[in-house]
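*Asks:* Take this sequence and fold it.
(2 chains)
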Amino acid sequence: MSTIDCIILTLVTGLPLLGALLLMAAPNRDRDIRWFALIVTLVDFVLSLHLAVRFRAEKIGIFQFEINRQWISSPNIHFHLGIDGISLWLVLLTTFLTPLCVLISWNSIHERVKEFFILMLILETAMIGVFVSLDLFLFYVFWEATLIPMALLIGIYGHERRIYAAVKFFLFTMVASVFMLAAIIWLYAKTGSFDFVTIQQAIHAGMVPGFIAAAPWLFLGFFLAFAVKVPLFPFHTWLPDAHVEAPTAGSVLLAGVLLKMGTYGLLRFNVGLFPEQARRNAPWIMTLALIGIVYGALVALVQPNLKKLIAYSSVSHLGFVVLGIFSLTQAGINGAMFVNLAHGVSTGALFMLAGILHERRHTYEIKEFGGLATPMPVYATFFLFITLASAGLPLLNGFIGEFLVLAGAFQARPLFGVIAATGVIWSAAYLLWVYQRTFFGVVKNPKNSALADMLPLERLAVLPTAFAALIMGVAPIIWLKAIDPAVGYILQPFSSLAARVVGQ
Amino acid sequence: MNPNLYLWLIPLLPLTGAALNGFFGRRLSKTGVSAVALAFSGAAFLMALRVLLSLSSLTLPYVETGISWIRSGSFHVNFAYYLDQLSLVMLMVVTGVGFLIHIYSVGYMWEDDGFWRFFSYLNLFMFFMLTLILANNYLLMFIGWEGVGLASYLLIGFYFLKDSAAAAGKKAFITNRIGDFGFLIALFLIIQHFGTLDYQKVFAGVAQLPAETMSTGLLTAIGILLMVGACGKSAQIPLYVWLPDAMEGPTPVSALIHAATMVTAGVYIVARSHAIFDKAPTALLVVAVIGTLTAIFAATIGIAQTDIKKVLAYSTVSQLGYMFMACGVAAYSAGVFHLMTHAFFKGLLFLGSGSVIHALSGEQDMRQMGGLRKKIPWTFWTMTAGTVAIAGIPPFAGFWSKDEILWRAYSQGPSKIIWALGLLTAFITSFYMFRLLFMTFFGEYRGKLESGGQAAHGHDDHGHGSPGHGGIHESPMVVLVPLMILAVLSIGGGFINAPKFLEPVFKTQVLFLEDHAAGKTPATEESGDKGTETTLMIVSVGVALLGAGLAWVLYLKSPHLPGQIANSLGGLYRTVHNKYYVDQLYSFFLIAPLIAMSRKWLWKGIDQGLIDTVINDSAQGTSDLGGALKHMQSGNLRSYAAWLTLGAAVIVAYMVWLGVH
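*Replies:* As a prediction, the model looks like this:
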């Protein structure tokens, strides 16, 4: 392994934080600050590409680009980073979306610009940290560290009810995280280590005293923290409020990355550390996911507010992810990880598009719009493209993941697969209906008749997402190549279950 | 050794055209846009022709494997293409009729501002449709399947300023998704049991299975679920409701997508999956019943429509039902034969109706037409060819395929009722089509337009400059030539012996055929059948002529009669005229309750009522937390920020402390 491979994860994770620190000392020149944030996030994206290029999918069962240094001797905390085929793409999703968030905030944030970008950069480091940490304590620190900048982004730069939304967001996730912390501390007390790999091996070898009795509670502790973050029904009510009030970049990162921390955690910790518990609890978790899919879609259908609609559609899409994970099948988890990425890209894009409209009309109320295809044809085209991606049209990114999740769920529990598959109807219904109400017909509200079409900067921010949506749909193999073996490894403890499943 | 056919290029060519016009069409001249669209769809046709011409040197089925698309465990899907006699027939129909309609559209859409957009969508449609028919596996097929749905959505809603057009596009897409839901479940069943979606592997797997005689079983389930998908795409009961509304799209779209090609995809997939249906008689019966019921049901609605395109739309639904009826009695080749002839004559009839509508500056109500045969003679004669073809009058194309279906329904169907309803449908079809012809072209002109256009525009040679408006005028050559070619095909297309050509594809044994023929020796069957076949042929020609005659009586000889009949029928007539109120029933019993439930119970009830109340209350109940929440909710930004900072500071301090120790 070359030197760069050893330090690359530290670099990718730390660079935004370093940028934030430098910004703190920088003079208050908004223009320069924006450029600086853009450059930092872009460089970070380019650095992260190194991970994708040098990643070796055939190396199964080990974390790559690993770095493991003792940080604190007592308690035994390590600075242990590493990625597998699952976290790899989540890191890239984060580094891909953050520069776009800088672009989309370029003109829409004009007060406290410096603080805004500082928060965003800190947030990026925290998010990446969550995906690369292999030390449970470190993971928890990063996990909680995402809360603060996000809550501040909502609370300071949000809309009318921003404080309520920020507090709700903060309390929901904070309270839930406490349970995870308790579980982590229990594991540390019994194993003397926060190290993920060490703990995992100890558990699988049956070397953790009292584990059998504690496992259900540990599983539940992690599960609560992650379920709220996902958010899984019925823990989802913070999400619509948070989205509606958040500034555009906040929504993009919230939906695009923060929610994925929940699904990532479910797979890495709940499934990875407690396979037996995962198998036992799968039925009711899948039930909640299923409810989320249908419920989220139906509630999205009747939302009068564009952003709330997208938020509820996220509840529905993330339901697919959880359903796929707890199907505990190769297809299901592959699909879940792919939906994670696809949803990040297309919902991120949808929030950017909603933000562009808000810039012009200062509202998200759908009834305020109508006929926008006439004044804003380019915008309408982008919106349609992303809408179709989100609705799971084949050859765009939404389809593959959903298809695999459904196939996996069907293998595990046919009835679940059947009910979840109704999602293809609901998503078409709420997406095409909102599209019709927003873009088709003649312009009836005079405020809409002369709206400016997408500006170059806005196009620059949305275009990469549209491009990614297309590539992911046409060549999902690029992503699946790394995901598939990693998922296969996670599923090894389930081999007795997996053997039944065709397609292994 | 097969020559390389470069099948993958066939769909890719129109995609290139779609992309070029999509990205640059706005800046191109109309001539440039047409050149691009015609060049790429024409090239696809030429490549298809090349395949047809090299047929003698080909061993079918021919498979072309491309790059890997999906990999998950041992489940793989490639971009791979498959050609056999069935896909070849489809290929010729889609590229041939498709190319003709592209040419027609240049004339028809010339005046439209969205010219470039139209051709981009049209080429996009070709890409997806060709992917659908050339795919080597169900999932690649599904790309095309969904993709044509998208193209259909875009083209139905082409005039998106019209609310009705926008709504129709959405309705089409969502209704299709209901079918796709069934289709997906079928795919999951196939994956689960065969571990692959490749046609050849799946059918090889199916061949290993015993036939299912009971009403339940894997193949029966797969077959019925595939049929659910087909019901959506091919507008069968109960999912047909989108197709009549789809007439909001420009007329060439109705001809290409909603008559000749896309809507036949369901028939194609049933025929393609015949290995499955052959072993699942119950599923086959479902296909037959749905097809037959749709055929007769839609035909009756066709009688009472006054919009020329709506008549043709219900006629299409009905004729598609005919094709399913054929498949349902395991006469797949007859079904595909009818698919082909139908593409000729229904494509022609739609294009002809477009020419009529153009001549009348947008009028679609047949009550405002009449006497047009002298004013637009080319349109009249070509549409007459289409009408006699669909009516099943020999020796025109529709006669051969329809007769084949009726004969097979009689001789090998599970019940003679299917045949009887098919025959009745043939009668009604002939009636409403001649009604259309007579109302449009015969009698006196009943509209408001000046008929002075005849003198000024009567010549066929007037170019694009004056497809204009004002008087009643014949369409330009660019519109008429496709009509003429399709008219020739409608007249002579029946002589293409498609059933014979398709034989190698459908050669597998059919279960209940054996049951049916049990007790008869092949020889007696043969000779006895010949006599019956001739009798039935005479009967079916008879009903066709009867239908035409009735239309002649009612709409030419005594045009006052239909009104009187309608009045005397009262409620029954209104019910039929209003399409049996099916749309209203769906809206009242399904859509409205769903939306009300989602809003009142799920969102306001559970989300805002139950969950949020519980959480807020429990937060309030816990005095500290509640206090904090209340305090923070007061909206003081600084106190809020202070809270967060405090939390952050505690964490950081703890970390530092840990680091120091």
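*Asks:* Could you give the separation of stretch B:415-432 from the chain centroid?
*Replies:* 22 Å (CA atoms, centre = their mean, to the nearest Å).
*Asks:* Show me where the stretch 201-350 of chain B has its helices.
*Replies:* Using DSSP state H, counting those that start in this stretch, the helices of the stretch 201-350 of chain B run over B:218-233, B:242-245, B:251-255, B:265-272, B:274-278, B:281-303, B:308-328, B:332-359.
*Asks:* The longest one versus helix B:308-328: what angle between them?
*Replies:* Helix B:332-359 and helix B:308-328 meet at an angle of 180 degrees, taking axes from the mean of the first three to the mean of the last three CA atoms, to 10 degrees as the criterion.
*Asks:* can you list the weak-confidence ranges in the chain?
*Replies:* No chain in the question, so chain A it is. A:1, A:496-504 (pLDDT under 70).
*Asks:* my question was about chain B
*Replies:* Scanning chain B for pLDDT under 70 picks out B:1, B:213-216, B:450-470, B:508-528, B:617-661.
*Asks:* which outside residues touch the longest strand along it?
*Replies:* Criterion DSSP state E: the longest strand present in chain B is strand B:62-72. Strand B:62-72 has contacts (CB atoms under 8 Å, 6 or more residues apart in numbering or on different chains) with A:330-331, A:334-335, A:400, A:404, A:475-477, A:480-481, A:484, A:503, B:2, B:4-8, B:76-84, B:136, B:139-140, B:200. C-beta coordinates here come from the backbone N, C-alpha and C atoms, glycine included.
*Asks:* measure the closest residue to A:Tyr379 other than its chain neighbours to A:Met376 for me?
*Replies:* Nearest residue to A:Tyr379, sequence neighbours excluded (CB to CB, 6 or more residues apart in numbering or on different chains): A:Met454, at 4.8 Å. According to CB to CB, to the nearest Å, A:Met454 stands 7 Å off from A:Met376.
*Asks:* got the contact list for the residue nearest the centre of chain B?
*Replies:* Taking CA atoms, centre = their mean as the criterion, B:Val263 is the residue nearest the geometric centre of chain B, at 1.5 Å. Under the criterion of CB under 8 Å, 6+ apart, the neighbours of B:Val263 are B:233-235, B:243, B:257, B:316, B:320.
*Asks:* any chance of the residues you listed in a markdown table, plus neighbour count and distance to B:Asn176?
*Replies:* Formatted as a markdown table, the contacts of B:Val263 follow (neighbours: other CB atoms under 10 Å in any protein chain shown; distance: CB to CB, whole Å):
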| residue | neighbour count | distance to B:Asn176 |
| --- | --- | --- |
| B:Lys233 | 29 | 6 |
| B:Ser234 | 31 | 10 |
| B:Ala235 | 31 | 9 |
| B:Leu243 | 27 | 10 |
| B:Ile257 | 26 | 12 |
| B:Thr316 | 30 | 15 |
| B:Leu320 | 32 | 14 |
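*Asks:* And the strands in the chain?
*Replies:* With no chain named, the answer covers chain A. Assigned by DSSP E, the strands in chain A fall at A:64-72, A:77-83.
*Asks:* switch to chain B, that's the one I care about
*Replies:* Ranges of strands in chain B, per DSSP E, are B:62-72, B:75-83.
*Asks:* do stretch B:206-220 and chain A meet at all?
*Replies:* No - Stretch B:206-220 does not reach chain A (CB under 8 Å from any CB of the partner chain); its nearest approach is 11.8 Å.
*Asks:* A:Arg56 versus the nearest residue to A:Leu92 once chain neighbours are set aside, what's the distance?
*Replies:* Residue nearest to A:Leu92 in three dimensions, not counting chain neighbours: A:Ser48, with 5.3 Å by CB to CB, 6+ apart. Applying CB to CB, the value for A:Ser48 to A:Arg56 is 16 Å.
*Asks:* what about these two, which has more around it?
*Replies:* Higher neighbour count among A:Ser48 and A:Arg56: A:Ser48, with 24 against 11, using other CB atoms under 10 Å in any protein chain shown.
*Asks:* Once you drop chain neighbours, what's closest to residue 47?
*Replies:* Assuming you mean chain A. In space, and not counting its chain neighbours, A:Leu47 is closest to A:Val12: 5.1 Å by CB to CB, 6+ apart.
*Asks:* switch to chain B, that's the one I care about
*Replies:* Of all residues not flanking B:Met47 in the chain, B:Ile10 sits nearest, at 5.1 Å (CB to CB, 6+ apart).
*Asks:* State the number of residues packed around the one you found.
*Replies:* 28.
*Asks:* Ok, A:Phe226 next?
*Replies:* 27.
*Asks:* Next: A:Pro209.
*Replies:* Residues near A:Pro209, counting by other CB under 10 Å: 11.
*Asks:* just checking, it touches A:Thr191?
*Replies:* No - in this structure A:Pro209 lies outside contact range of A:Thr191 using CB atoms under 8 Å: 9.3 Å.
*Asks:* ok, so what distance separates the closest residue to A:Gly408 other than its chain neighbours from A:Asp30?
*Replies:* Excluding its sequence neighbours, the residue lying closest to A:Gly408 (CB to CB, 6+ apart) is A:Gly332, at 2.2 Å. Using CB to CB, A:Gly332 is found at 47 Å from A:Asp30.
*Asks:* ok, these two, which is more surrounded?
*Replies:* Neighbours per residue, other CB under 10 Å: of A:Gly332 and A:Asp30, the larger number sits with A:Gly332, 31 against 16.
*Asks:* my guess is the more buried one meets A:Leu404, correct?
*Replies:* Yes - using CB under 8 Å, A:Gly332 makes contact with A:Leu404 at a distance of 6.9 Å.
*Asks:* can you name the farthest residue from the center of chain A?
*Replies:* Largest centroid distance in chain A under CA atoms, centre = their mean is A:Pro446 at 37.8 Å.
*Asks:* count of neighbours near A:Ser73?
*Replies:* A:Ser73 has 10 neighbours, counted by other CB under 10 Å.
*Asks:* need the contact list for the residue of the stretch 151-300 of chain A at minimum distance from chain B.
*Replies:* Proximity of the stretch 151-300 of chain A to chain B (CB to the nearest CB) peaks at A:Leu298, 4.0 Å away. For A:Leu298, the contact set (CB under 8 Å, 6+ apart) comprises A:426, B:594, B:597-598, B:602.
*Asks:* can you check B:Phe277 too?
*Replies:* Applying CB under 8 Å, 6+ apart, one finds that B:Phe277 lies in contact with B:223, B:270, B:283-284, B:287, B:327, B:330.
*Asks:* B:Trp381 contacts B:Ala487, correct?
*Replies:* Yes - applying CB under 8 Å, one finds B:Trp381 in contact with B:Ala487, separated by 7.4 Å.
*Asks:* Between the two, which is the more surrounded one?
*Replies:* For B:Trp381 versus B:Ala487, the count of surrounding residues by other CB under 10 Å is larger for B:Ala487: 24 against 15.
*Asks:* So which bits of the stretch 401-504 of chain A are right by chain B?
*Replies:* Neighbours of chain B within the stretch 401-504 of chain A, by CB under 8 Å from any CB: A:403-404, A:406-407, A:410-411, A:414, A:417-418, A:421-422, A:424-425, A:428-429, A:432-433, A:435-436, A:439-442, A:475-477, A:480-481, A:484, A:488, A:502-504.
*Asks:* Make a PyMOL selection of the buried ones in these.
*Replies:* Buried residues among these (16 or more other CB atoms under 10 Å in any protein chain shown), as a PyMOL selection:
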select buried, chain A and resi 403+404+406+407+410+411+417+418+421+422+424+425+428+429+432+433+435+436+439+440+441+476+477+480+484+488+502+503+504
